[in-house]
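In: dropping a prediction and its sequence here:
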Amino acid sequence: MFHSPVSICSNRLISRFYVFVFSVLLFLPGLVASAESKVNQDYHLSLYKDVQGSVDALELFTKAPDKREFFGITCSMQSPMPLIQVILFDDEIMSETPKLLTVTLAIDGVILKQKLQGIIKVVDNADEFSNKIRLELVTQKGSSFKDLQNSYRVLLKQLQQGKAVTVQLEHRNLATKKVNFSLKGLGNLLVPNQNICF
């Protein structure tokens, strides 16, 4: 399909805008000036370097088509676990107060066996109205820190190998919400930098 120069330029500006917005509003606002950005299929990657020039953190995210819904993974050398989030803006938000959700993930239509929970953080100010939902693996009784790290490794690998993920968010006092995101491009960007996540 032919794309006019105006269309291509517009798409690039939109992509840069989302990279900027995601970095400033969501994960690592203090490091946005040092970000190196890459794009692969449906994912944007920002790499952040320390003063020595070594990669210190990364952000990966995608956006649902035609909706203000984002899916992102952040890893940092300062954190022993990856941060996996769903971000809902404006009309897409689930709750105006913090909530603990039950989360079900399905990759390419297959529901994962891992038990997850979601923690809603509400942002409501002049610049932003959003739900930032941190997706966490539920720790099993008697499991070790190493076991939990390995479980996150397995989860990231499953996400890398899929084409699409459906995140189902449930709470007894809220309407169940399903959000769908592409996984195309995630593995290509994450695998070379995955050592930062653990």
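Out: Cool, got the structure. Numbering: from 1, shown residues only.

In: okay, the most centrally placed residue in the chain: pLDDT?
Out: Note on the chain: the residue nearest the mean C-alpha position is residue 72, at 1.1 Å, using C-alpha atoms, centre = their mean. Per-residue confidence (pLDDT) for residue 72: 97.

In: cool, the one 5 residues further on as well?
Out: We note a pLDDT of 92 for residue 77 in this prediction.

In: then the one 10 residues further on?
Out: With respect to pLDDT, residue 87 has a value of 97.

In: could you do residue 118 as well?
Out: Model confidence at residue 118 (pLDDT) stands at 98.

In: and the one 3 residues further on, by the same measure?
Out: What the model reports for residue 121 is a pLDDT of 97.

In: what about the residue nearest to the centre of the chain, which helix or strand?
Out: strand 69-76 (DSSP states H and E).

In: can you list the strands that that strand pairs with?
Out: strand 55-63 (antiparallel), strand 83-89 (antiparallel) (DSSP bridges).

In: which of those sits closest to residue 195?
Out: strand 55-63 (9.0 Å; C-beta to C-beta). No exception for glycine: its C-beta is placed from N, CA and C like everyone else's.

In: average pLDDT for the closest one?
Out: Here the average pLDDT along strand 55-63 is 95.

In: same check on stretch 142-155?
Out: Here stretch 142-155 scores 93 as its mean pLDDT.

In: residues touching the closest residue in space to residue 149 that isn't next to it in sequence, list them.
Out: What sits nearest to residue 149 in space, not counting adjacent residues and going by C-beta to C-beta, 6 or more residues apart in numbering, is residue 198, at 5.5 Å. Counting by C-beta atoms under 8 Å, 6 or more residues apart in numbering, residue 198 touches 80, 81, 82, 149, 152, 153.

In: again, but for residue 137
Out: With contact set as C-beta under 8 Å, 6+ apart, residue 137 has these partners: 114, 115, 116, 148, 151, 152, 155.

In: out of those residues, which sit inside helices?
Out: Secondary structure from DSSP state H places 148, 151, 152, 155 of the contacts of residue 137 in helices.

In: so how far is residue 70 from the last one?
Out: Relative to residue 70, residue 155 is positioned 18 Å away (C-beta to C-beta, to the nearest Å).

In: more crowded one of the two?
Out: Set side by side, residue 155 and residue 70 show more neighbours around residue 70, with 24 against 19, by other C-beta atoms under 10 Å.

In: and the strands paired with strand 69-76: which comes nearest residue 143?
Out: Judging the strands paired with strand 69-76 by C-beta to C-beta, what sits closest to residue 143 is strand 83-89, at 18.4 Å.

In: and the next helix or strand past the closest one?
Out: Later in the chain than strand 83-89, the nearest helix or strand by DSSP H and E is strand 99-107.
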